[in-house]
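> I'll drop the sequence and a predicted model, then ask my questions.
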Amino acid sequence: MEPNYTIVYSKRKTLNITVERDRSVVVRAPEGTDPQKIHHAVESKQLWLYEKIRHPQKYQGIPHPPGKELVSGESMLYLGRNYRIDIVEDDRDGIRFANKFIVSKTTLSHARQQFRDWYIAKAKEKIIPKARYHAKNMGVEYGKVLISDLKYRWGSCTPKDNLNFNWRLIKAPMFVIDYVIVHELAHLMESNHTTQFWNIIEAQLPGSRKAKDWLKEHGEIIEESF
């Protein structure tokens, strides 16, 4: 049985089929592509799609849904490490970080939004300069770098060469963040996941498989939202 799929048309030159982490199938196709051609392309990859959709590393949900009140002793991820949360008796707003997260008891009602804002600010601080650094080394140019609330994706490269990164990436180690950045930059040189595409990544980041494996193992944890 052929899976349901979503078609995204753009100014790209080639047709590409991906399975997102929510197990949805997305076909990215050049503008004006005959729907029948897309249908045949999806049909020809039915076995591959079946295996991808059933793969246990495609995430189904968040193991610890947000919503419960924060308490001292819990921990939050930042750059691949767990840091303790301390709830303190003062009235200072915002998240303070000093080898642990310090949260005022008077701001607990909106502490989760404060964490989100803190993570987004740190993601901009770390990811944007890294994108500039890797782009220079790879000899490519991009439009803008955006830190977004991407669903089921760590990053994306738009038809206008803008780079989007999931703010939750800041919870991962720096070598994983580097991998996602280089992955998206490599799409400016090779749009599909060809052998050449992976060679570009490996040339820029030797041992990049370690980062890819880390995301597969821990991705569901860092996807946990507020």
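Nice, thanks for sending it over.
> tell me the contacts of residue 103?
Each residue near residue 103 by CB atoms under 8 Å, 6 or more residues apart in numbering is listed here: 70, 85, 86, 87, 88, 95, 96, 111, 114. (C-beta placed from N, C-alpha, C; glycine too.)
> Check residue 174 too.
Counting by CB under 8 Å, 6+ apart, residue 174 has contacts 79, 80, 126.
> The first one against residue 169, yeah?
The one in question is residue 79. No - counting by CB atoms under 8 Å, residue 79 does not reach residue 169; the two are 9.9 Å apart.
> Check the secondary structure at residue 211 for me.
Classification of residue 211 using DSSP: H, G, I helix; E, B strand; the rest coil returns helix.
> Does it touch residue 205 like I think?
Yes - counting by CB under 8 Å, residue 211 does reach residue 205; the two are 7.2 Å apart.
> Counting neighbours, go ahead and name the busier of these two.
residue 211 (22 against 19; other CB atoms under 10 Å).
> Give me the distance between the more buried one and residue 179.
3 Å (CB to CB, to the nearest Å).
> anything in contact with each of these two?
With CB under 8 Å, 6+ apart as the test, residue 211 and residue 179 both reach residue 205.
> quick revisit: ok, of the contacts of residue 174, which come out buried?
With neighbours counted by 16 or more other CB atoms under 10 Å, the contacts of residue 174 contain buried members at 80, 126.
> Using pLDDT, spot the least trustworthy of the contacts of residue 174.
Among these, residue 80 carries the weakest pLDDT, at 87.
> which non-adjacent residue is nearest that residue?
residue 173 (3.1 Å; CB to CB, 6 or more residues apart in numbering).
> How about the contacts made by the one you found?
With CB under 8 Å, 6+ apart, residue 173 has these contacts: 79, 80, 214.
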